[in-house]
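Colleague: quick check, what structure comes out for this input:
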Amino acid sequence: MRMTSFRSIARASLFAALLPGPAAAQALTSVTTLFVGYSTRKVTVNPTGDLKARIDSLDRDLFAANRAGRTAEVRRLFAKGMVLLSGRPWTDQSDFNASLLLRTDRVVAESQRPYAVRLEQLYAPTIELTKPLTAHAVLRTRPSGAGAAAQPSQVIKELGTFEGVSRDLRESPLAMEFNVSDVADGRYVLTVDVRDDERELGVATLGVVVQKGLDDLMSRLESEAARAPEALRTEILYPVDRVRNVNRGQLELRIIDTENDFAAAEAVVAAVKSGKDPFATRTGDIKRHYSLDGAGEVMPYRLYVPTTYTPSRPNALIIALHGLGATEDSFFESYGRKLPVLAEQRGYIVAAPLGYRVDGGYGWGVGSPPSDPTARRNQELSEADVMQVLAQVRKQYRIDESRIYLMGHSMGAIGTWKIAPKFPDIWAALGAYSGQGVVATADKMKHIPQFVVHGDADATVNVAGSRSMVAALKSFGAEVTYVEVPGGNHLNVVEPNFAGLFDFFDAHRKGTKSAP
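Modeller: Sure, this is the predicted structure:
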(Lines give C-alpha, C1' and ligand atoms only; values in the text may rest on other atoms or scores of the structure.)
Protein backbone atom coordinates (compact mmCIF):
# COMPACT_ATOMS: atom_id res chain seq x y z
CA MET A 1 0.00 0.00 0.00
CA ARG A 2 1.80 3.10 -1.18
CA MET A 3 0.87 6.16 0.47
CA THR A 4 2.93 9.29 0.18
CA SER A 5 6.09 10.03 -1.70
CA PHE A 6 9.25 8.61 -0.20
CA ARG A 7 11.33 11.41 -1.79
CA SER A 8 14.14 10.03 -3.89
CA ILE A 9 13.62 6.40 -2.85
CA ALA A 10 9.87 6.22 -2.83
CA ARG A 11 8.52 3.92 -5.40
CA ALA A 12 5.37 2.51 -3.80
CA SER A 13 5.52 -0.63 -5.88
CA LEU A 14 9.13 -1.11 -4.84
CA PHE A 15 8.32 -1.27 -1.13
CA ALA A 16 5.06 -3.15 -1.66
CA ALA A 17 7.14 -5.90 -3.27
CA LEU A 18 9.92 -5.97 -0.68
CA LEU A 19 11.33 -9.35 0.14
CA PRO A 20 9.79 -10.85 3.25
CA GLY A 21 11.68 -10.58 6.52
CA PRO A 22 14.20 -13.18 7.58
CA ALA A 23 12.76 -16.59 8.38
CA ALA A 24 11.73 -16.74 12.01
CA ALA A 25 9.84 -19.00 14.33
CA GLN A 26 7.34 -16.18 14.57
CA ALA A 27 6.25 -13.69 11.95
CA LEU A 28 7.76 -10.22 12.21
CA THR A 29 5.74 -7.14 11.37
CA SER A 30 5.77 -6.88 7.57
CA VAL A 31 8.18 -4.46 5.94
CA THR A 32 5.27 -2.94 4.04
CA THR A 33 3.55 -2.11 7.31
CA LEU A 34 6.78 -0.58 8.67
CA PHE A 35 7.07 1.50 5.51
CA VAL A 36 3.55 2.84 5.86
CA GLY A 37 4.09 3.79 9.49
CA TYR A 38 7.38 5.50 8.67
CA SER A 39 5.99 7.28 5.62
CA THR A 40 2.94 8.50 7.52
CA ARG A 41 5.08 9.72 10.40
CA LYS A 42 7.37 11.56 8.03
CA VAL A 43 4.51 13.40 6.36
CA THR A 44 3.02 14.28 9.74
CA VAL A 45 6.30 15.63 11.15
CA ASN A 46 7.32 17.31 7.87
CA PRO A 47 10.99 17.51 8.88
CA THR A 48 13.02 20.60 8.05
CA GLY A 49 16.61 21.74 8.39
CA ASP A 50 19.09 19.28 9.86
CA LEU A 51 16.42 16.67 10.57
CA LYS A 52 15.29 16.75 6.94
CA ALA A 53 18.89 16.28 5.76
CA ARG A 54 19.30 13.28 8.07
CA ILE A 55 16.02 11.74 6.92
CA ASP A 56 16.92 12.29 3.26
CA SER A 57 20.24 10.51 3.85
CA LEU A 58 18.45 7.68 5.64
CA ASP A 59 16.03 7.36 2.71
CA ARG A 60 18.92 6.92 0.33
CA ASP A 61 20.34 4.20 2.57
CA LEU A 62 16.90 2.54 2.64
CA PHE A 63 16.77 2.50 -1.14
CA ALA A 64 20.20 0.90 -1.36
CA ALA A 65 19.44 -1.70 1.33
CA ASN A 66 16.17 -2.66 -0.31
CA ARG A 67 17.72 -2.90 -3.76
CA ALA A 68 20.37 -5.24 -2.36
CA GLY A 69 17.76 -7.38 -0.56
CA ARG A 70 19.18 -6.61 2.91
CA THR A 71 15.86 -6.80 4.72
CA ALA A 72 17.33 -6.75 8.23
CA GLU A 73 19.10 -3.50 7.39
CA VAL A 74 15.83 -2.12 6.02
CA ARG A 75 14.18 -2.89 9.37
CA ARG A 76 17.06 -1.22 11.22
CA LEU A 77 16.76 1.93 9.11
CA PHE A 78 13.01 2.13 9.64
CA ALA A 79 13.59 1.90 13.40
CA LYS A 80 16.21 4.65 13.17
CA GLY A 81 13.90 6.85 11.13
CA MET A 82 11.05 6.50 13.62
CA VAL A 83 13.37 7.44 16.49
CA LEU A 84 14.66 10.51 14.66
CA LEU A 85 11.16 11.61 13.66
CA SER A 86 10.09 11.36 17.30
CA GLY A 87 12.69 13.98 18.19
CA ARG A 88 15.05 11.59 19.98
CA PRO A 89 18.68 10.88 19.09
CA TRP A 90 19.68 7.60 17.48
CA THR A 91 22.46 6.26 19.69
CA ASP A 92 24.55 3.10 19.79
CA GLN A 93 22.25 1.95 22.56
CA SER A 94 19.17 2.63 20.40
CA ASP A 95 20.81 0.60 17.65
CA PHE A 96 21.51 -2.32 19.99
CA ASN A 97 17.96 -2.26 21.33
CA ALA A 98 16.46 -2.35 17.83
CA SER A 99 18.64 -5.34 16.90
CA LEU A 100 17.24 -7.63 19.61
CA LEU A 101 14.46 -10.16 19.10
CA LEU A 102 13.12 -13.35 20.64
CA ARG A 103 12.43 -16.48 18.65
CA THR A 104 10.69 -19.69 19.57
CA ASP A 105 9.30 -22.71 17.80
CA ARG A 106 5.98 -22.40 19.62
CA VAL A 107 4.48 -18.93 20.01
CA VAL A 108 1.26 -20.72 20.96
CA ALA A 109 2.54 -23.28 23.44
CA GLU A 110 1.45 -26.25 25.48
CA SER A 111 2.05 -25.06 29.04
CA GLN A 112 2.89 -28.55 30.31
CA ARG A 113 6.00 -28.72 28.16
CA PRO A 114 9.27 -26.83 28.76
CA TYR A 115 9.14 -23.56 26.86
CA ALA A 116 12.27 -22.94 24.77
CA VAL A 117 13.14 -19.42 23.55
CA ARG A 118 16.21 -17.87 21.92
CA LEU A 119 17.49 -14.31 22.30
CA GLU A 120 18.92 -13.27 18.91
CA GLN A 121 19.81 -10.25 16.82
CA LEU A 122 18.56 -9.23 13.40
CA TYR A 123 21.75 -7.39 12.53
CA ALA A 124 25.13 -6.37 13.97
CA PRO A 125 24.69 -3.06 15.83
CA THR A 126 27.39 -0.40 16.06
CA ILE A 127 27.73 -0.46 19.84
CA GLU A 128 31.06 -1.41 21.41
CA LEU A 129 30.52 -3.90 24.22
CA THR A 130 33.37 -4.33 26.67
CA LYS A 131 31.64 -5.62 29.82
CA PRO A 132 29.95 -8.96 30.55
CA LEU A 133 26.29 -9.11 29.56
CA THR A 134 23.35 -10.62 31.41
CA ALA A 135 19.72 -11.22 30.40
CA HIS A 136 16.71 -11.14 32.70
CA ALA A 137 13.46 -12.81 31.59
CA VAL A 138 9.96 -12.03 32.88
CA LEU A 139 6.46 -13.10 31.82
CA ARG A 140 3.99 -10.22 31.95
CA THR A 141 0.30 -9.63 31.36
CA ARG A 142 -0.73 -8.43 27.94
CA PRO A 143 -2.91 -5.30 28.25
CA SER A 144 -5.90 -5.30 25.93
CA GLY A 145 -8.79 -3.11 24.90
CA ALA A 146 -8.89 0.68 24.54
CA GLY A 147 -5.64 2.36 25.52
CA ALA A 148 -3.82 -0.94 25.85
CA ALA A 149 -0.48 0.56 24.86
CA ALA A 150 -0.59 2.95 27.81
CA GLN A 151 -1.63 0.35 30.39
CA PRO A 152 1.03 -0.93 32.79
CA SER A 153 1.67 -4.65 32.59
CA GLN A 154 1.96 -6.89 35.62
CA VAL A 155 4.65 -9.45 36.25
CA ILE A 156 3.13 -12.94 36.17
CA LYS A 157 6.32 -14.89 36.69
CA GLU A 158 10.03 -14.23 37.08
CA LEU A 159 11.78 -16.58 34.67
CA GLY A 160 15.37 -16.04 35.71
CA THR A 161 18.63 -14.24 35.00
CA PHE A 162 21.14 -15.63 32.50
CA GLU A 163 24.88 -14.97 32.61
CA GLY A 164 27.39 -15.17 29.82
CA VAL A 165 25.29 -13.53 27.11
CA SER A 166 27.23 -13.32 23.85
CA ARG A 167 28.17 -9.93 22.45
CA ASP A 168 27.16 -11.29 19.03
CA LEU A 169 23.74 -12.90 19.34
CA ARG A 170 23.60 -13.59 15.62
CA GLU A 171 26.53 -15.96 15.90
CA SER A 172 25.66 -17.28 19.37
CA PRO A 173 21.99 -16.86 20.34
CA LEU A 174 21.11 -17.23 24.01
CA ALA A 175 19.04 -20.39 24.44
CA MET A 176 16.64 -20.26 27.38
CA GLU A 177 14.12 -22.77 28.69
CA PHE A 178 11.27 -21.89 31.03
CA ASN A 179 8.81 -23.81 33.15
CA VAL A 180 5.34 -22.33 32.56
CA SER A 181 3.30 -25.25 33.86
CA ASP A 182 1.94 -23.12 36.68
CA VAL A 183 0.89 -20.25 34.40
CA ALA A 184 -2.84 -19.90 33.72
CA ASP A 185 -4.07 -20.20 30.13
CA GLY A 186 -3.93 -16.89 28.29
CA ARG A 187 -1.96 -14.31 26.32
CA TYR A 188 1.21 -12.87 27.76
CA VAL A 189 4.28 -10.86 26.86
CA LEU A 190 7.68 -12.43 27.38
CA THR A 191 10.22 -9.69 28.16
CA VAL A 192 13.99 -10.14 28.19
CA ASP A 193 16.19 -7.17 29.09
CA VAL A 194 19.92 -7.16 28.38
CA ARG A 195 22.38 -5.17 30.45
CA ASP A 196 25.98 -4.92 31.45
CA ASP A 197 27.01 -4.17 35.02
CA GLU A 198 26.21 -0.45 34.59
CA ARG A 199 23.18 0.01 32.34
CA GLU A 200 20.25 -1.54 30.55
CA LEU A 201 21.19 -1.89 26.89
CA GLY A 202 17.98 -3.12 25.35
CA VAL A 203 14.75 -5.06 25.72
CA ALA A 204 13.28 -7.78 23.53
CA THR A 205 9.61 -8.74 23.78
CA LEU A 206 7.49 -11.52 22.37
CA GLY A 207 3.76 -12.05 22.54
CA VAL A 208 2.95 -15.64 23.51
CA VAL A 209 -0.06 -17.80 24.32
CA VAL A 210 0.13 -20.66 26.79
CA GLN A 211 -2.61 -23.24 27.06
CA LYS A 212 -2.83 -26.44 29.03
CA GLY A 213 -3.85 -29.46 26.98
CA LEU A 214 -3.27 -27.66 23.66
CA ASP A 215 -1.66 -30.62 21.91
CA ASP A 216 -4.41 -33.03 22.92
CA LEU A 217 -7.10 -30.52 21.91
CA MET A 218 -5.64 -30.05 18.44
CA SER A 219 -5.36 -33.81 17.91
CA ARG A 220 -8.93 -34.34 19.01
CA LEU A 221 -10.28 -31.62 16.70
CA GLU A 222 -8.46 -33.19 13.77
CA SER A 223 -10.12 -36.52 14.54
CA GLU A 224 -13.54 -34.89 14.86
CA ALA A 225 -13.08 -33.03 11.56
CA ALA A 226 -12.31 -36.27 9.75
CA ARG A 227 -15.72 -37.59 10.84
CA ALA A 228 -17.66 -34.37 10.11
CA PRO A 229 -19.53 -33.55 6.88
CA GLU A 230 -17.11 -32.13 4.33
CA ALA A 231 -18.78 -28.71 4.34
CA LEU A 232 -18.03 -28.29 8.06
CA ARG A 233 -14.53 -29.72 8.30
CA THR A 234 -12.75 -26.40 7.80
CA GLU A 235 -14.88 -24.84 10.55
CA ILE A 236 -13.41 -27.40 12.98
CA LEU A 237 -9.87 -27.34 11.60
CA TYR A 238 -9.45 -23.55 11.45
CA PRO A 239 -7.85 -22.98 14.89
CA VAL A 240 -5.59 -26.02 14.44
CA ASP A 241 -4.38 -24.70 11.09
CA ARG A 242 -3.91 -21.16 12.42
CA VAL A 243 -1.90 -22.24 15.45
CA ARG A 244 0.42 -24.31 13.31
CA ASN A 245 0.97 -21.49 10.84
CA VAL A 246 1.64 -19.02 13.64
CA ASN A 247 4.17 -21.41 15.13
CA ARG A 248 5.78 -21.87 11.71
CA GLY A 249 6.23 -18.11 11.42
CA GLN A 250 3.76 -17.81 8.54
CA LEU A 251 1.29 -15.65 10.47
CA GLU A 252 1.44 -13.06 13.21
CA LEU A 253 0.11 -14.13 16.60
CA ARG A 254 -2.23 -11.15 16.80
CA ILE A 255 -4.47 -12.40 14.00
CA ILE A 256 -5.78 -15.36 15.99
CA ASP A 257 -7.99 -15.53 19.06
CA THR A 258 -7.23 -18.98 20.42
CA GLU A 259 -9.85 -18.93 23.16
CA ASN A 260 -12.77 -17.97 20.93
CA ASP A 261 -11.55 -19.85 17.85
CA PHE A 262 -11.21 -23.15 19.70
CA ALA A 263 -14.57 -22.59 21.41
CA ALA A 264 -16.21 -22.00 18.03
CA ALA A 265 -14.68 -25.21 16.66
CA GLU A 266 -15.93 -27.15 19.68
CA ALA A 267 -19.42 -25.73 19.11
CA VAL A 268 -19.38 -27.01 15.53
CA VAL A 269 -18.27 -30.45 16.77
CA ALA A 270 -21.19 -30.48 19.21
CA ALA A 271 -23.63 -29.49 16.46
CA VAL A 272 -22.32 -32.21 14.15
CA LYS A 273 -22.75 -34.82 16.86
CA SER A 274 -26.38 -33.75 17.26
CA GLY A 275 -26.93 -33.99 13.51
CA LYS A 276 -27.22 -30.24 12.89
CA ASP A 277 -25.61 -27.70 10.57
CA PRO A 278 -25.01 -24.68 12.86
CA PHE A 279 -24.97 -22.29 9.90
CA ALA A 280 -28.05 -23.51 8.05
CA THR A 281 -30.52 -20.85 9.18
CA ARG A 282 -28.25 -18.48 11.05
CA THR A 283 -28.37 -14.72 10.52
CA GLY A 284 -26.46 -11.79 12.01
CA ASP A 285 -22.70 -11.66 12.56
CA ILE A 286 -21.08 -14.94 11.48
CA LYS A 287 -17.51 -16.20 11.16
CA ARG A 288 -16.90 -18.78 8.46
CA HIS A 289 -13.89 -20.67 7.14
CA TYR A 290 -12.89 -22.53 3.98
CA SER A 291 -9.80 -24.05 2.34
CA LEU A 292 -8.14 -21.61 -0.05
CA ASP A 293 -7.18 -23.32 -3.30
CA GLY A 294 -3.44 -23.04 -3.94
CA ALA A 295 -2.55 -22.05 -0.38
CA GLY A 296 -3.07 -25.23 1.61
CA GLU A 297 -4.51 -23.12 4.43
CA VAL A 298 -7.88 -22.67 6.07
CA MET A 299 -8.94 -19.05 5.60
CA PRO A 300 -11.38 -17.04 7.70
CA TYR A 301 -14.01 -14.64 6.44
CA ARG A 302 -16.67 -12.71 8.29
CA LEU A 303 -20.29 -12.35 7.27
CA TYR A 304 -23.21 -10.23 8.18
CA VAL A 305 -26.53 -11.73 7.13
CA PRO A 306 -29.52 -9.48 7.87
CA THR A 307 -32.28 -10.95 10.00
CA THR A 308 -34.67 -10.28 7.12
CA TYR A 309 -32.78 -12.69 4.88
CA THR A 310 -34.83 -15.36 3.20
CA PRO A 311 -33.74 -17.66 0.38
CA SER A 312 -37.09 -17.00 -1.29
CA ARG A 313 -35.78 -13.72 -2.72
CA PRO A 314 -32.36 -12.57 -3.96
CA ASN A 315 -30.25 -10.36 -1.69
CA ALA A 316 -27.70 -7.63 -2.31
CA LEU A 317 -24.09 -8.45 -1.39
CA ILE A 318 -21.14 -6.24 -0.44
CA ILE A 319 -17.59 -7.60 -0.52
CA ALA A 320 -15.59 -5.45 1.94
CA LEU A 321 -11.78 -5.25 1.77
CA HIS A 322 -9.83 -4.20 4.89
CA GLY A 323 -6.80 -1.93 5.07
CA LEU A 324 -3.15 -2.81 5.58
CA GLY A 325 -2.48 -4.66 8.82
CA ALA A 326 -6.15 -5.23 9.58
CA THR A 327 -8.13 -8.47 9.23
CA GLU A 328 -11.51 -9.70 8.14
CA ASP A 329 -12.85 -8.27 11.41
CA SER A 330 -12.01 -4.68 10.51
CA PHE A 331 -15.38 -3.57 9.10
CA PHE A 332 -17.17 -5.31 11.97
CA GLU A 333 -15.07 -4.08 14.90
CA SER A 334 -13.84 -0.67 13.68
CA TYR A 335 -15.34 2.49 12.16
CA GLY A 336 -17.84 2.73 14.99
CA ARG A 337 -19.15 -0.76 14.06
CA LYS A 338 -21.48 1.11 11.73
CA LEU A 339 -21.27 -1.08 8.62
CA PRO A 340 -23.14 -4.12 10.04
CA VAL A 341 -25.82 -1.82 11.48
CA LEU A 342 -26.43 -0.27 8.06
CA ALA A 343 -26.33 -3.70 6.41
CA GLU A 344 -29.13 -4.83 8.74
CA GLN A 345 -31.17 -1.69 8.12
CA ARG A 346 -30.75 -1.79 4.35
CA GLY A 347 -30.97 -5.56 3.90
CA TYR A 348 -27.44 -6.27 2.60
CA ILE A 349 -25.26 -9.32 3.14
CA VAL A 350 -21.67 -8.24 3.85
CA ALA A 351 -18.70 -10.58 3.35
CA ALA A 352 -15.23 -9.55 4.49
CA PRO A 353 -12.29 -11.76 3.41
CA LEU A 354 -8.86 -11.69 5.00
CA GLY A 355 -7.19 -11.41 1.61
CA TYR A 356 -4.79 -14.25 2.53
CA ARG A 357 -2.49 -12.01 4.58
CA VAL A 358 -2.97 -8.72 6.43
CA ASP A 359 -0.69 -7.10 3.84
CA GLY A 360 -1.67 -9.25 0.85
CA GLY A 361 -2.66 -6.31 -1.33
CA TYR A 362 -5.47 -8.08 -3.23
CA GLY A 363 -3.45 -8.72 -6.38
CA TRP A 364 -1.43 -6.37 -8.55
CA GLY A 365 -4.06 -4.79 -10.79
CA VAL A 366 -3.61 -5.24 -14.52
CA GLY A 367 0.04 -4.17 -14.71
CA SER A 368 3.22 -6.19 -14.44
CA PRO A 369 3.43 -8.56 -11.46
CA PRO A 370 6.11 -7.96 -8.80
CA SER A 371 9.50 -9.44 -9.60
CA ASP A 372 9.90 -11.18 -6.24
CA PRO A 373 8.20 -14.60 -6.46
CA THR A 374 7.14 -14.60 -2.78
CA ALA A 375 5.47 -11.21 -3.11
CA ARG A 376 3.85 -12.34 -6.36
CA ARG A 377 2.46 -15.50 -4.74
CA ASN A 378 1.09 -13.56 -1.77
CA GLN A 379 -0.68 -11.12 -4.05
CA GLU A 380 -2.06 -13.88 -6.25
CA LEU A 381 -3.46 -15.66 -3.21
CA SER A 382 -4.79 -12.40 -1.78
CA GLU A 383 -6.86 -11.84 -4.90
CA ALA A 384 -7.86 -15.51 -5.00
CA ASP A 385 -9.11 -15.30 -1.42
CA VAL A 386 -11.43 -12.42 -2.32
CA MET A 387 -12.84 -14.20 -5.34
CA GLN A 388 -13.22 -17.56 -3.58
CA VAL A 389 -15.05 -15.91 -0.66
CA LEU A 390 -17.39 -14.39 -3.23
CA ALA A 391 -17.93 -17.87 -4.66
CA GLN A 392 -18.56 -19.31 -1.20
CA VAL A 393 -21.21 -16.72 -0.40
CA ARG A 394 -22.90 -17.15 -3.76
CA LYS A 395 -23.12 -20.86 -3.03
CA GLN A 396 -24.45 -20.47 0.52
CA TYR A 397 -27.00 -17.67 -0.01
CA ARG A 398 -29.35 -16.49 -2.69
CA ILE A 399 -27.56 -13.47 -4.13
CA ASP A 400 -28.96 -10.89 -6.54
CA GLU A 401 -26.43 -11.08 -9.36
CA SER A 402 -27.30 -7.52 -10.39
CA ARG A 403 -26.48 -6.20 -6.91
CA ILE A 404 -22.97 -7.37 -6.01
CA TYR A 405 -20.80 -4.51 -4.75
CA LEU A 406 -17.09 -4.15 -3.95
CA MET A 407 -15.69 -1.66 -1.44
CA GLY A 408 -12.60 -1.08 0.69
CA HIS A 409 -10.61 1.32 2.82
CA SER A 410 -6.96 2.23 2.30
CA MET A 411 -5.24 -0.92 1.00
CA GLY A 412 -8.77 -2.25 0.55
CA ALA A 413 -9.65 0.71 -1.67
CA ILE A 414 -6.46 0.12 -3.64
CA GLY A 415 -7.54 -3.52 -3.87
CA THR A 416 -10.99 -2.48 -5.04
CA TRP A 417 -9.36 -0.63 -7.93
CA LYS A 418 -7.14 -3.64 -8.63
CA ILE A 419 -9.83 -6.31 -8.65
CA ALA A 420 -12.63 -4.39 -10.39
CA PRO A 421 -10.84 -3.97 -13.75
CA LYS A 422 -9.79 -7.63 -13.72
CA PHE A 423 -13.37 -8.84 -13.12
CA PRO A 424 -15.38 -5.91 -14.50
CA ASP A 425 -18.59 -7.79 -15.23
CA ILE A 426 -19.38 -8.73 -11.63
CA TRP A 427 -19.80 -5.44 -9.82
CA ALA A 428 -22.89 -3.23 -9.71
CA ALA A 429 -20.92 -0.40 -8.08
CA LEU A 430 -17.71 0.28 -6.18
CA GLY A 431 -16.82 2.13 -2.99
CA ALA A 432 -13.28 3.41 -2.35
CA TYR A 433 -12.20 5.18 0.85
CA SER A 434 -8.74 6.76 1.16
CA GLY A 435 -7.22 4.84 -1.72
CA GLN A 436 -5.43 5.19 -5.01
CA GLY A 437 -5.40 3.33 -8.28
CA VAL A 438 -3.69 2.88 -11.63
CA VAL A 439 -5.25 5.44 -13.95
CA ALA A 440 -4.50 3.22 -16.94
CA THR A 441 -7.17 0.80 -15.67
CA ALA A 442 -9.94 3.42 -15.58
CA ASP A 443 -11.29 2.54 -19.02
CA LYS A 444 -11.93 -1.05 -17.87
CA MET A 445 -14.16 0.28 -15.07
CA LYS A 446 -15.92 3.07 -16.94
CA HIS A 447 -19.24 1.21 -16.87
CA ILE A 448 -19.14 0.68 -13.07
CA PRO A 449 -20.63 3.50 -10.93
CA GLN A 450 -18.26 4.51 -8.13
CA PHE A 451 -18.48 6.22 -4.74
CA VAL A 452 -15.11 7.67 -3.71
CA VAL A 453 -14.17 9.34 -0.41
CA HIS A 454 -10.87 10.90 0.64
CA GLY A 455 -9.65 13.43 3.20
CA ASP A 456 -7.49 16.23 1.87
CA ALA A 457 -5.24 16.02 4.98
CA ASP A 458 -4.55 12.28 4.65
CA ALA A 459 -0.93 11.70 5.69
CA THR A 460 -0.97 8.00 4.79
CA VAL A 461 -2.46 7.88 1.29
CA ASN A 462 -2.21 11.25 -0.37
CA VAL A 463 -5.49 12.64 -1.66
CA ALA A 464 -3.89 12.98 -5.08
CA GLY A 465 -4.38 9.23 -5.48
CA SER A 466 -8.17 9.52 -5.46
CA ARG A 467 -8.21 12.79 -7.38
CA SER A 468 -6.21 11.24 -10.23
CA MET A 469 -8.38 8.14 -10.34
CA VAL A 470 -11.62 10.11 -10.26
CA ALA A 471 -10.41 12.38 -13.07
CA ALA A 472 -9.41 9.37 -15.19
CA LEU A 473 -12.74 7.63 -14.58
CA LYS A 474 -14.72 10.73 -15.48
CA SER A 475 -12.66 11.20 -18.66
CA PHE A 476 -14.07 7.84 -19.82
CA GLY A 477 -17.61 8.82 -18.89
CA ALA A 478 -17.82 6.84 -15.65
CA GLU A 479 -20.47 7.82 -13.10
CA VAL A 480 -18.54 8.90 -10.00
CA THR A 481 -19.67 10.53 -6.78
CA TYR A 482 -16.57 12.00 -5.18
CA VAL A 483 -16.58 13.22 -1.57
CA GLU A 484 -13.42 15.07 -0.57
CA VAL A 485 -13.46 15.93 3.12
CA PRO A 486 -11.72 19.20 4.07
CA GLY A 487 -9.27 18.46 6.89
CA GLY A 488 -10.15 14.77 6.79
CA ASN A 489 -7.42 12.30 7.69
CA HIS A 490 -6.88 8.70 6.67
CA LEU A 491 -9.44 7.23 9.08
CA ASN A 492 -12.04 9.77 10.13
CA VAL A 493 -13.60 10.10 6.68
CA VAL A 494 -14.87 6.52 6.59
CA GLU A 495 -17.66 6.10 9.14
CA PRO A 496 -19.42 9.44 8.42
CA ASN A 497 -19.70 8.44 4.77
CA PHE A 498 -21.03 4.90 5.18
CA ALA A 499 -24.64 6.03 4.87
CA GLY A 500 -23.77 7.80 1.62
CA LEU A 501 -22.22 4.60 0.34
CA PHE A 502 -25.40 2.63 1.03
CA ASP A 503 -27.50 5.35 -0.60
CA PHE A 504 -25.26 5.06 -3.66
CA PHE A 505 -25.43 1.26 -3.73
CA ASP A 506 -29.22 1.38 -3.22
CA ALA A 507 -29.47 3.49 -6.36
CA HIS A 508 -27.43 1.20 -8.59
CA ARG A 509 -27.91 -2.21 -10.09
CA LYS A 510 -25.57 -3.76 -12.62
CA GLY A 511 -26.07 -2.29 -16.04
CA THR A 512 -28.10 0.72 -14.88
CA LYS A 513 -27.31 4.30 -13.98
CA SER A 514 -28.95 6.44 -11.36
CA ALA A 515 -31.50 8.99 -12.45
CA PRO A 516 -29.96 12.40 -13.29
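Colleague: rest of the way, CA atoms for contacts and neighbours
Modeller: Will do.
Colleague: strands along the stretch 251-400 of the chain, start to end?
Modeller: 284-292, 297-305, 315-321, 348-353, 399-409 (DSSP state E, counting those that start in this stretch).
Colleague: how many residues are close by Asp359?
Modeller: 26 (other CA atoms under 10 Å).
Colleague: and Ala432, by the same measure?
Modeller: Number of residues near Ala432 (other CA under 10 Å) recorded here: 29.
Colleague: partners of it in the sheet?
Modeller: Taking DSSP bridges as the rule, Ala432 bridges to Gly408, Val452.
Colleague: now for it: which residues touch it?
Modeller: 407-410, 412-414, 416-417, 450-453 (CA atoms under 8 Å, 6 or more residues apart in numbering).
Colleague: in contact with Lys42, which residues are there?
Modeller: Contacts of Lys42 (CA under 8 Å, 6+ apart): Leu85.
Colleague: roughly how far does it sit from Ser410?
Modeller: Per CA to CA, to the nearest Å, Lys42 is found 18 Å from Ser410.
Colleague: related to what we said a few turns ago, now the contacts of Ala432 as a markdown table including distance to Ala507, pLDDT and neighbour count?
Modeller: Output for those, formatted as a markdown table (distance: CA to CA, whole Å; pLDDT from 0 to 100; neighbours: other CA atoms under 10 Å):
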| residue | distance to Ala507 | pLDDT | neighbour count |
| --- | --- | --- | --- |
| Met407 | 16 | 98 | 26 |
| Gly408 | 19 | 98 | 25 |
| His409 | 21 | 98 | 26 |
| Ser410 | 24 | 97 | 26 |
| Gly412 | 23 | 97 | 30 |
| Ala413 | 21 | 98 | 31 |
| Ile414 | 23 | 97 | 30 |
| Thr416 | 19 | 98 | 29 |
| Trp417 | 21 | 97 | 30 |
| Gln450 | 11 | 98 | 27 |
| Phe451 | 11 | 98 | 23 |
| Val452 | 15 | 98 | 24 |
| Val453 | 17 | 98 | 28 |
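Colleague: tell me where the model's unsure across the stretch 151-300 of the chain.
Modeller: For the stretch 151-300 of the chain, the stretches with pLDDT under 70 are 151.
Colleague: did I read that right, Val483 in a strand?
Modeller: Yes - assigned with DSSP: H, G, I helix; E, B strand; the rest coil, Val483 falls within a strand.
Colleague: please renumber so the chain begins at 26
Modeller: With the count now opening at 26, the last piece we talked about shows up as Val508.
Colleague: does it touch His479 like I think?
Modeller: Yes - using CA atoms under 8 Å, Val508 is in contact with His479, at 6.5 Å.
Colleague: who has more neighbours, these two?
Modeller: Neighbours per residue (other CA under 10 Å) separate Val508 from His479, with His479 holding more: 33 against 16.
Colleague: where's that one, which helix or strand?
Modeller: Using DSSP states H and E, the element containing His479 is strand 475-480.
Colleague: got it, and Val486?
Modeller: Per DSSP H and E, Val486 falls between elements, in no helix or strand.
Colleague: what is the burial count for it?
Modeller: 27.
Colleague: can I assume it is in contact with Gln461?
Modeller: Yes - contact criterion CA under 8 Å: Val486 and Gln461 qualify, at 7.5 Å.
Colleague: next, the buried residues of stretch 262-279.
Modeller: For stretch 262-279, the neighbour count (16 or more other CA atoms under 10 Å) marks 262-278 as buried.
Colleague: hang on, I meant stretch 403-416
Modeller: Residues of stretch 403-416 classed as buried by neighbour count (16+ other CA under 10 Å): 403-415.
Colleague: give the rounded mean pLDDT of that stretch.
Modeller: Mean per-residue pLDDT for stretch 403-416: 97.
Colleague: any residues touching that stretch, and which ones?
Modeller: Outside stretch 403-416, the residues that touch it by CA under 8 Å, 6+ apart are 317, 319-320, 324, 326, 344, 376, 378-382, 385-389, 444.
Colleague: how about 7 Å then?
Modeller: With contacts defined as CA atoms under 7 Å, 6 or more residues apart in numbering, stretch 403-416 is touched by 317, 378, 380-382, 385-389.
Colleague: centre of the chain to it, how far?
Modeller: Averaging C-alpha positions (CA atoms, centre = their mean, to the nearest Å) puts stretch 403-416 15 Å from its chain's average.
Colleague: how about stretch 289-297?
Modeller: Going by CA atoms, centre = their mean, the spacing between the C-alpha centre of stretch 289-297 and its chain's C-alpha centre is 27 Å.
Colleague: closest to Phe356 out of the contacts of stretch 403-416?
Modeller: Taking CA to CA as the measure, Phe356 lies nearest Pro378 of those, at 10.4 Å.
Colleague: how far away is the closest one from Ala438?
Modeller: 14 Å.
Colleague: likewise Pro168?
Modeller: Separation of Pro168 from Ala438 (CA to CA): 31 Å.
Colleague: ok, what's across the strand from Val219?
Modeller: Counting by DSSP bridges, Val219 is bridged to Ala160, Gly227.
Colleague: I'd say it and Val228 touch.
Modeller: Yes - using CA atoms under 7 Å, Val219 is in contact with Val228, at 6.2 Å.
Colleague: which stretches of the stretch 126-275 of the chain form helices?
Modeller: Secondary structure of the stretch 126-275 of the chain (DSSP state H, counting those that start in this stretch): helices at 239-252, 255-272.
Colleague: how far out from the middle of the chain is the first one?
Modeller: Computed by CA atoms, centre = their mean, the chain-centroid distance of helix 239-252 equals 28 Å.
Colleague: ok, now the last one?
Modeller: Going by CA atoms, centre = their mean, the spacing between the C-alpha centre of helix 255-272 and its chain's C-alpha centre is 19 Å.
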